[in-house]
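[1] Just to be clear, the model below is a prediction. Sequence and coordinates:
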Amino acid sequence: MRENELGTQLSEHLVQKSRELPEKPSPVTLTGQFVRLEPLSLERDLDQLYKFSNGEPIQLNDRMIEAYDSAVMIWNYMSAGPFETKIALAAFLQRQIDASNTLCFCVYDLQSGSPIGVCNYLNNFPAHLKIELGNIWYSPIAQRTKANLETTYLLLEHAFSLGYRRVEWKCDSLNERSHKSALRMGFQFEGKQEQHFIIKGRNRDTDWFRILDCEWPQIRQSLEAKLKA
């Protein structure tokens, strides 16, 4: 890349990438040590995702979660939920599956083979080589494990390998867990967008984070070390 009076001129390779990548990310399966990500199938995944997110006690491998408040543990900062029925959860997930610039994944626990959460590539703008990780949620049985860490690592690795220059992460400014998680995984805080959305009848300010392709090699090493720890 070289500088001129209009800014940085991109390489022809990057310009070509920006023309070739599809608006809807291509389906892919991503596998790590602890989780596997597959494009979400409601027929295959809905029953278990609902069972693991509706507040009922959960047992998975050697972990046990007593009955819990699903709003507090999962849904308070999501655009919808909690869901009283599987049909309502299915409608929420189907909109993500159908979105024109989104790829919705089911996150599987590798040890048990059970679905434990959902994540998305979304707001994909291949013309600008940027994409977002979002609509991410996990059953309480997977929280405080390495599931989110490895899921994020796999999504970042794949995105940058495709040629994206920027990966974004956004969260409700009140969502301290998501804010801390983004920083722990190497995202840089860029600022707050005030009055960004109205969610469930209340104002939402949004915190913006990002990782750039030039930052990724060092962040990759950090994440790999965390996964080994």
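    Sure thing, it's come through.

[2] from here on, contacts and neighbour counts on C-alpha atoms
    Will do.

[3] So which residues make contact with the helix or strand harbouring Ile87?
    Element membership for Ile87, per DSSP states H and E: helix 86-98. Contact with helix 86-98 is made by 40, 42, 46-47, 50, 80-81, 83, 102-104, 120, as judged by C-alpha atoms under 8 Å, 6 or more residues apart in numbering.

[4] let's see it at 10 Å
    For helix 86-98, the external contacting residues (C-alpha atoms under 10 Å, 6 or more residues apart in numbering) are 24, 39-43, 45-51, 53-54, 79-83, 102-105, 118-122, 135.

[5] what about that helix, distance to the chain center?
    Here helix 86-98 is found 16 Å from its chain centre; the criterion is C-alpha atoms, centre = their mean, to the nearest Å.

[6] And the average pLDDT for that helix is what?
    Mean pLDDT, helix 86-98: 98.

[7] For it, buried residues please.
    Judged by neighbour count using 16 or more other C-alpha atoms under 10 Å, the buried positions of helix 86-98 are 86, 89-90, 93, 96-97.

[8] what would those look like in a markdown table with distance to Asn148?
    Shown next, in a markdown table, are those (distance: C-alpha to C-alpha, whole Å):
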| residue | distance to Asn148 |
| --- | --- |
| Lys86 | 24 |
| Leu89 | 21 |
| Ala90 | 22 |
| Leu93 | 19 |
| Gln96 | 19 |
| Ile97 | 20 |
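
[9] Now, the contacts of helix 86-98 that are in strands?
    Secondary structure assignment (DSSP state E) places 39, 103-105, 118-122, 135 from the contacts of helix 86-98 within strands.

[10] top of those residues by neighbour count?
    Cys104 (27 neighbours; other C-alpha atoms under 10 Å).

[11] Over to Asp207. Which of the three states is it?
    Here Asp207 is strand, with the state taken from DSSP: H, G, I helix; E, B strand; the rest coil.

[12] can you check the one 3 residues further on too?
    Here Arg210 is recorded as strand under three-state DSSP.

[13] before we move on, back to that, quick check, nearest of the ones in strands among the contacts of helix 86-98 to Leu223?
    The shortest gap between Leu223 and any of these belongs to Cys119, at 18.1 Å (C-alpha to C-alpha).

[14] where's the residue nearest to the closest one when sequence neighbours are not counted relative to Ile97, distance?
    Using C-alpha to C-alpha, 6 or more residues apart in numbering and skipping residues adjacent in sequence, the residue nearest Cys119 is Ile136, 4.3 Å away. Ile136 sits 13 Å away from Ile97, going by C-alpha to C-alpha, to the nearest Å.
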